[in-house]
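Asker: quick check, what structure comes out for this input:
(chains A and B)
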There are 2 protein chains.
Amino acid sequence: MSEEEAARHREKMARRKTVQDAEVAGKTIEKGLLMVHTGKGKGKSTAAFGLALRMLGRGRPVGVVQFIKGAWSTGERAPLEAMPGLEWHSMGEGFTWETQDRERDVAAAQRAWEKAMALMARPGLGLLVLDEVCIALRYDYLDTAAVVAALQARPPGLHVVATGRNAPPALVEAADLVTEMALVKHHFAQGVKAQEGIEF
Amino acid sequence: MSEEEAARHREKMARRKTVQDAEVAGKTIEKGLLMVHTGKGKGKSTAAFGLALRMLGRGRPVGVVQFIKGAWSTGERAPLEAMPGLEWHSMGEGFTWETQDRERDVAAAQRAWEKAMALMARPGLGLLVLDEVCIALRYDYLDTAAVVAALQARPPGLHVVATGRNAPPALVEAADLVTEMALVKHHFAQGVKAQEGIEF
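Answerer: A predicted model of the protein is given here:
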């Protein structure tokens, strides 16, 4: 790179830094966020557990409620539970085609939601992960309006992340952050199986 | 729900289970995956660190190379480093508008890539996280063709996840999994600042 080019780059980046600094300075609000990870792609729960790790790393307690997944083992659970401040409840009974019993699915989702509400009331909780709650909402195992109202009434400093495909419009409307994990390409379509350390 | 409805649900789910089981049975390949988290939404690095946690939880070593972020502290680093098997290198010097020096940015990216190649050659590594490598590729700090060729020549059992906006087409083409974290709604636009435990 010539000296002239280097100088042009420096000037351009200095201007960009002025813009960036002004943007950062304009953001002053601190609040507990309602976050949604939805979409057909991989990474919704994984990113939620990444947030749990980050929050625990900051020394604040985290609650996890799994609405669909039940007893089966995932790689992240043991190391998260080894950290102080984590409370984890897998309240699901597996996918709806595994239970084949809608009333049992509804009852399991209701129990999970009661656990979630108890955790929301816990003073000082930093983050609540509602894993796959969107699936429970989608199948009407839970009343979306009631769930959204309870989430909106959460303590002001509490961050909540809700995951699962097909987040209902009312939840998206109420949320501060919505990321759609969009499937561009997936190895399952190429015949690759679920592998330890990646999918579970 | 009437008994008739319950029976219809049971039958429908039993059919669905047959389809699901056949799909799972059809997936037999095990291989180290090349994964890409791209897009403008939040969750790219967070999901990559969630994968690191999952892999460490399965007892397999993980390497992390950060291409842009430098010395600043993130909540997930300390708890991940407390787990056996993690090796973490933050090789960046900050955003390009912070350094304001393109040659320094290029040199930092090259050093990060050398570290990544050394980790790829490490026998038994389960997962390599190339955090924000897509940004280094996007700004031509690294040669995309050379990076993609090296990734394709990685050991067969090694999973790699590359993060960052604007993943180059050649990387997307070579990847087994690509998730676009699409920004549906972001709290920064509402004046909310970056908060501990959520953004860092």
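Asker: show me which helix or strand of chain A is least confident by mean pLDDT.
Answerer: The least trusted helix or strand in chain A, going by mean pLDDT, DSSP states H and E, turns out to be helix A:96-99, with a mean of 80.
Asker: buried set for that helix?
Answerer: For helix A:96-99, the neighbour count (16 or more other C-beta atoms under 10 Å in any protein chain shown) marks A:96-99 as buried. Using the backbone N, CA and C atoms, a C-beta is placed for each residue, glycine as well.
Asker: now, which of those residues lie close to chain B?
Answerer: Filtering those for neighbours of chain B using C-beta under 8 Å from any C-beta of the partner chain leaves A:96-99.
Asker: can you give the distance of the lengthiest strand in chain A from its chain's centre?
Answerer: With secondary structure taken from DSSP state E, chain A has its longest strand at strand A:177-185. Chain-centre distance of strand A:177-185: 12 Å, with C-alpha atoms, centre = their mean, to the nearest Å.
Asker: now stretch A:117-124
Answerer: Using C-alpha atoms, centre = their mean, the offset of stretch A:117-124 from its chain centre is 17 Å.
Asker: how about stretch A:56-67?
Answerer: Centre to centre, stretch against its chain (C-alpha atoms, centre = their mean), the figure for stretch A:56-67 is 11 Å.
Asker: now do the end-to-end distance for that stretch.
Answerer: By C-alpha to C-alpha, to the nearest Å, the extent of stretch A:56-67 from end to end equals 21 Å.
Asker: buried residues, it. List them.
Answerer: A:56-58, A:60-67.
Asker: quick one: mean pLDDT for it?
Answerer: In this model, stretch A:56-67 has a mean pLDDT of 97.
Asker: close to chain B, is that stretch?
Answerer: Yes - applying C-beta under 8 Å from any C-beta, one finds stretch A:56-67 touching chain B at A:56-58, A:60.
Asker: farthest pair in those residues?
Answerer: Farthest pair in the residues of stretch A:56-67 next to chain B (C-beta to C-beta) is A:57 and A:60. Separation: 9.1 Å.
Asker: anything in contact with each of the two?
Answerer: Residues within reach of residue A:57 and of residue A:60 at once, by C-beta atoms under 8 Å, 6 or more residues apart in numbering or on different chains, are residue B:197.
Asker: after the longest helix along chain A comes which helix or strand?
Answerer: As assigned by DSSP state H, the longest helix anywhere in chain A is helix A:3-25. Downstream of helix A:3-25, the next assigned helix or strand under DSSP states H and E is strand A:34-38.
Asker: who are the contact partners of the residue nearest to residue A:16 when sequence neighbours are not counted?
Answerer: Distances taken as C-beta to C-beta, 6 or more residues apart in numbering or on different chains place residue B:97 nearest to residue A:16, at 4.1 Å, with adjacent residues excluded. For residue B:97, the residues meeting the contact criterion (C-beta under 8 Å, 6+ apart) are A:13-14, A:16-17, A:20.
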